[in-house]
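Novice: attaching a predicted model along with its sequence, questions to come.
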Amino acid sequence: MNYRRMFMIGLSIMALLSINWTVAEAQDGKGIFKSKGCGDCHAVEGPSKLKNIEDRVKQKGPDLWFAGSKFKPRYLKTWLEKPSDLTGVKYSELLPVKGKNSHPALSGKEASDVSNYLMTLKDKDMATGIIDDKKKMKRSALFKAGTLFQKTQVCFGCHLFKPKKRAKRAIGGFSGPSLVGAKKRLTGDWVYSYLKDQKRYVPLGRMPIYQGPTFQAYPDKDLKALAQYIVNLY
């Protein structure tokens, strides 16, 4: 009896069952997303069709049509179970958030199913395999990217971040999403794609457009370095 062959067949069967199970959970998650009215605040089809600032102000929550490209699955499930504000201001406004986070929490099973559904929402035109999320930057590259983030663009004017892994507190502004824990939350490929074309994902946002006439057009290698730096933030 060929035990090795039997073992490999068993693994293949388990993998197929796992895929089918995940697909079923995603379908359940889609139903939960719809039944709870999540689509009233979050768009799941894109790119965005916002045309003016009035349309932007009417938005109640961020687009999710690229959620599977942007987020890491374990983070999504955890966040859906225990939501927390990623900015210090209300969405589409600059008014401070006061009191308890307003996003509803989901149960463990609901959070898992909805997370699996959101992970199926991907930007099909986004390049992948550009940024290695697990890659540690060389000291020289880290210094240059850190300079871009902290001094050249002063990104922490809008974004909270921890300058060191063991930093006791984060520093920065609140008008943009916090980058504390970006390592666990964001994919490097999406950060890179966003830096190259912010309007594709957040039209009429407050983020500088690095490829436009107003700000300096950074070379591709700098955008890659900046993306690598961001997805290594604790």
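Specialist: Ah, there it is.

Novice: what is the least confident helix or strand in this structure?
Specialist: helix 3-35 (a mean of 64; mean pLDDT, DSSP states H and E).

Novice: and the helices in this protein?
Specialist: Using DSSP state H, the helices of the chain run over 3-35, 53-58, 67-70, 73-81, 108-118, 139-147, 182-185, 188-196, 198-201, 220-230.

Novice: which parts of the fourth one are buried?
Specialist: So the one you mean is helix 73-81. Within helix 73-81, the residues scored as buried using 16 or more other C-beta atoms under 10 Å are 75, 76, 77, 78, 79, 80. Bear in mind the C-beta positions are built from the backbone N, C-alpha and C, glycine included.

Novice: before we move on, what about stretch 125-142?
Specialist: For stretch 125-142, using 16+ other C-beta under 10 Å, the buried residues are 126, 130, 131, 141.

Novice: format those residues as JSON lines; extra columns: pLDDT and distance to residue 162.
Specialist: Below are those laid out as JSON lines (pLDDT from 0 to 100; distance: C-beta to C-beta, whole Å):
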{"residue": "126", "pLDDT": "96", "distance to residue 162": "27"}
{"residue": "130", "pLDDT": "96", "distance to residue 162": "25"}
{"residue": "131", "pLDDT": "96", "distance to residue 162": "20"}
{"residue": "141", "pLDDT": "86", "distance to residue 162": "19"}
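
Novice: make TSV out of those residues and add distance to residue 165.
Specialist: Shown next, in TSV, are the buried residues of stretch 125-142 (distance: C-beta to C-beta, whole Å):
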residue	distance to residue 165
126	29
130	24
131	19
141	17
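
Novice: dump the helices of the chain to a markdown table, plus distance to residue 171.
Specialist: Listed next are these as a markdown table, based on distance: least, C-beta to C-beta, whole Å:
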| stretch | distance to residue 171 |
| --- | --- |
| helix 3-35 | 35 |
| helix 53-58 | 28 |
| helix 67-70 | 24 |
| helix 73-81 | 22 |
| helix 108-118 | 30 |
| helix 139-147 | 13 |
| helix 182-185 | 15 |
| helix 188-196 | 20 |
| helix 198-201 | 23 |
| helix 220-230 | 15 |
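
Novice: nearest to residue 208, out of those?
Specialist: Closest of these to residue 208 is helix 198-201, at 7.9 Å (criterion: C-beta to C-beta).

Novice: how does this protein divide into domains?
Specialist: 3-118, 139-230 (automatic domain parsing).

Novice: just say which of the ones you listed is most tucked in.
Specialist: Neighbour counts (mean count of other C-beta atoms under 10 Å) averaged over each of the domains of the chain peak at domain 139-230, with a mean of 17.

Novice: now do the end-to-end distance for it.
Specialist: One end of domain 139-230 to the other measures 15 Å (C-alpha to C-alpha, to the nearest Å).

Novice: next, the nearest residue to residue 60 once chain neighbours are set aside: phi, psi?
Specialist: Nearest residue to residue 60, sequence neighbours excluded (C-beta to C-beta, 6 or more residues apart in numbering): residue 41, at 3.9 Å. The phi/psi pair for residue 41 (degrees, to the nearest 10) reads phi -110, psi -30.
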